[in-house]
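Asker: Pasting the sequence and the predicted coordinates here, then a few questions.
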Amino acid sequence: MMTRNLNILNEFNILYLEDDDSLLKHTADALDDFVKNVFAVKTSQEAMRILENKRIDVIISDILLENETGIDFLKELQEDKNIHIPTVLTTAHTDTKYLLDAIKLKVENYIVKPINLKELLNTLHDILLPLIQEREIQKNSNIIRTISAITDNKQVEVVKYILDNLNEKDELISSYSDIMQNISISKPTLIKLFKELSDKKILVKTAHKTYKFENKALNNI
Amino acid sequence: MAFKKLFIAIDKVPFTYKASILLFIIIGGMISIVIFSQISIYTIKNDFDVLFEKRTKPIVKLEAIKDTYKINIHDTLYDLQNRNITLEQSRDIIGLGRQIINKNWNQYLEITLSKKYEPTFLNKIIKKFFIIGEQDKNTILKKSISSNINDKHLKINNMLSKILIEFKKENFKETSSLINNVYLEINTVSIYITNLTNYDLSMSVSEKRDTQNIFNTISTILNVLIILVFAFSILFSAIIIMNFKKLHFGLEDAVCAKVEELQALNESLERRIKNEVTNSRKKDLIMFQQARHASLGEMISNIAHQWRQPLGSIMMIIQGFQTKMELGKLTPEFMQEKVNDAVLLAQNMSNTLEDFQNFFKPNRDKENFSLKDCIEHSFELSKYILDEEKIEFILKIKDDVKMHGFYNELSYVFLNIISNSKDALSLKINKRLIEVRVKKSKKKIRINIVDNGGGIDDKILPHIFEPYYTTKYKSTGTGIGLYMSQQIIEKHMQGTIACKNIYYKIKNQDFENCALFAITIPISEADKNDD
């Protein structure tokens, strides 16, 4: 099994819904070490109150709660309040009748009690990883945009063109004139840029009009 | 040997035939004896009559004629010759004598010739039948003698008339010669008559012999018949008696055999009854075990329910240790707190297990226990399934009673009824309730268990206590729960269990269709003393 970096969890808030006091306490205690905050509640009303006041990234809910079900709570959340938060269901039942509802509600995972903490943490990781990655991408694109705003705009555009036109072998098959047709850049500037990239072994010419993009070379910078 | 063969041959004849043959022989023998004796008596009587009438009487007549000739005629003539009597006197005497002679002779002829004394037709047949030598009757001789006598009569009469006439004429010479002639004739007549007498005598002798012969033959036949009848009667009686004996012994044997058969049958029946009783006991035992096993499944799911939560918590605690350890955050305080929690949880689990173990503990001895405890404990055991189905239960136990018996069995009954109520209630949407009321009267205690699960279908209601009757799927119901409950209440506690649908009020709310299980258990004297 792929080892996951569980440290990514520590900036997220978890809402934990479970009617058994003892399990609620112990699971919250265990989760507390990994995540930013665990909001452990026994009823859906409490959960609603938390949701109104705090930013919640993942909901962990037991299916059978006292006088209600986690499924109903989720339905209310999604249909009435239009709040979509990734959810993990825990249940003592391997019953499929809940499973169908759970799939309809696009529940992320379904954990059968007794809860395996590792499994729960991995599930949380898997749910939160795209969130983190999205944030990372957002951050990077912001960086690029910021850089292009303060430096030569044309060079950034060329780099963007190169990366956009790489084939499956990470090769760019293009001539200077092809690039110049798309981007209004002077030929000497373009040659200078290609030379610079070639020197740093980022874009190596392998044949006529063919350049290989070396991903590894970026790590050395 | 021959007799033996006959005996065996007769012995082979069927019994009814033997009886018929015996009857036939006795009746036939008797009839033939009677007939033969009648015949012989008749014959002998007839012969005797004939002998007397035809032979003896004529002889008397003949003797009378002879005497008349001798005395009346001969002596008168002699007296007349010697003049001892007068002519008139002699004429009278002779006339009288002639009259007597004529009369007797006529009578004789009449007797001898009359058909009256001929042997009867029957006699003739008998005589013919017995082939008694036909006697030579020599009738010609008799006829000639008779005619001679007739002639002599006439002659004598003529001569007498002449004598009397001559004597009147006193022609003595003529008379005396005539008298001498008459004497001669009288002698001749006497001789003839003697002949005739002899003839009759010989006839009677021969007839006597005939009679003797007939008598001999008939008596011989009779004797033979009597002997035969006796012999056959005795033979057949003996055979029949033997048959009876055989029959008797045969019947006795048959009866003995039947008695033995009956005894054997009786024994086998007794054995079978014994077997059946033990079988039924075994069956009961097996069924109770089955019932317990069935409830075992339910109980296990109960245990599972009761264990799932604490088990989850304990697992979480253990995993918490691991992650804390990995993160290096495992502090003694945290450890102490979690261990305490875990021990508490484990203790709870252990208690749960013990509760159920007590229920499944095999019955050893009867024990004293409180009915209230039993009911409460039964609901405690069912609490999780009741909670799961959100069934509320109300216990109204006014009077507690000390029971003496098997705690587990009674508990089983309650658990079973609770389980059935739960099944009924789980199909309902609105409020789910079970109410238990315990009420004590003088001699018995009544436990009413009511649920508002909609009651029991009228078609099902009469069958619910039947074994292997189930409305549930095969996997969930065995159909012996209520049967076992009934057995326990009726056989082990001498009580009754009944079920009906009622209109009932629970918690001030009316419910139309409620199923009521009413258990009545008598309170024994011992239990009363315990109170």
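Answerer: Yep, that arrived. All values derive from a computational prediction rather than experimental measurement.

Asker: alpha carbons only for contacts and neighbour counts from here, please
Answerer: Will do.

Asker: Flag every residue of chain A that's near chain B.
Answerer: A:20, A:22-23, A:26-27, A:29-30, A:33, A:92, A:113-117 (Cα under 8 Å from any Cα of the partner chain).

Asker: Of those, grab the buried ones for PyMOL.
Answerer: Only the buried entries of these go into this PyMOL selection, using 16 or more other Cα atoms under 10 Å in any protein chain shown:
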select buried, chain A and resi 20+22+23+26+27+29+30+33+92+113+114+115+117
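
Asker: Show me the domain layout of chain A.
Answerer: Following automatic domain parsing, chain A resolves into domains at A:6-137, A:151-219.

Asker: so where's chain A shaky on pLDDT?
Answerer: Across chain A, the ranges flagged by pLDDT under 70 are A:1-3, A:93-95, A:152, A:221.

Asker: Helices of that one, residue ranges please.
Answerer: Secondary structure of chain A, counting by DSSP state H: helices at A:21-32, A:44-53, A:70-75, A:96-104, A:117-150, A:153-164, A:176-182, A:187-199, A:216-219.

Asker: Mind checking those for the one nearest to residue B:437?
Answerer: helix A:21-32 (33.9 Å; Cα to Cα).

Asker: What is the closest one packed up against?
Answerer: Secondary-structure packing of helix A:21-32 (3 or more Cα pairs under 8 Å, 6 or more residues apart in numbering or on different chains; DSSP states H and E): strand A:13-17, strand A:37-41, helix B:172-327.

Asker: can you do 6 Å?
Answerer: Helix A:21-32 sits against helix B:172-327, with contacts defined as 3 or more Cα pairs under 6 Å, 6 or more residues apart in numbering or on different chains; DSSP states H and E.

Asker: What distance do you get for residue B:309 to residue A:61?
Answerer: Distance from residue B:309 to residue A:61, counting by Cα to Cα, to the nearest Å: 15 Å.

Asker: ok, now which ones touch residue B:377?
Answerer: Under the criterion of Cα atoms under 6 Å, 6 or more residues apart in numbering or on different chains, residue B:377 has no neighbours.

Asker: In terms of helices and strands, where is it?
Answerer: Residue B:377 belongs to helix B:371-388 when assigned by DSSP states H and E.

Asker: what are the C-alpha coordinates of that helix, in CSV please?
Answerer: The C-alpha trace of helix B:371-388 is given here as CSV (Å, rounded to 0.1, in the frame of the first residue of the first chain):
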residue,chain,number,x,y,z
LEU,B,371,-40.7,-13.5,38.8
LYS,B,372,-40.1,-9.7,38.7
ASP,B,373,-36.3,-10.3,38.3
CYS,B,374,-37.0,-12.8,35.6
ILE,B,375,-39.2,-10.5,33.6
GLU,B,376,-36.9,-7.5,34.0
HIS,B,377,-33.8,-9.6,33.1
SER,B,378,-35.6,-10.9,30.0
PHE,B,379,-36.3,-7.4,28.9
GLU,B,380,-32.7,-6.4,29.7
LEU,B,381,-31.4,-9.2,27.5
SER,B,382,-33.7,-8.1,24.7
LYS,B,383,-33.0,-4.4,25.3
TYR,B,384,-30.8,-4.0,22.3
ILE,B,385,-33.1,-5.5,19.8
LEU,B,386,-35.9,-3.5,21.3
ASP,B,387,-33.9,-0.3,21.2
GLU,B,388,-32.9,-1.0,17.6
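
Asker: Is any residue of the helix or strand following that helix near chain A?
Answerer: Counting by DSSP H and E, the next helix or strand C-terminal to helix B:371-388 is strand B:391-397. No: Strand B:391-397 is not in contact with chain A by Cα under 6 Å from any Cα of the partner chain; minimum separation 12.0 Å.

Asker: partners of the helix or strand just after strand B:391-397, with directions?
Answerer: Using DSSP H and E, the helix or strand that follows strand B:391-397 in sequence is strand B:402-405. Take DSSP bridges as the rule and strand B:402-405 pairs in its sheet with strand B:367-370 (antiparallel).

Asker: Any idea what residue B:434 is bridged to?
Answerer: residue B:393, residue B:451.

Asker: Burial check on residue B:186, number of neighbours?
Answerer: By other Cα atoms under 10 Å in any protein chain shown, the residues close to residue B:186 number 22.

Asker: OK, contacts around it?
Answerer: Not one residue lies near residue B:186 by Cα under 6 Å, 6+ apart.

Asker: just the one 4 residues further on next, same as before
Answerer: Listed by Cα under 6 Å, 6+ apart, the contact partners of residue B:190 are residue B:66.

Asker: okay, it: pLDDT?
Answerer: At residue B:190, the model reports a pLDDT of 82.

Asker: so how far is residue B:66 from it?
Answerer: Distance from residue B:190 to residue B:66, counting by Cα to Cα: 6 Å.
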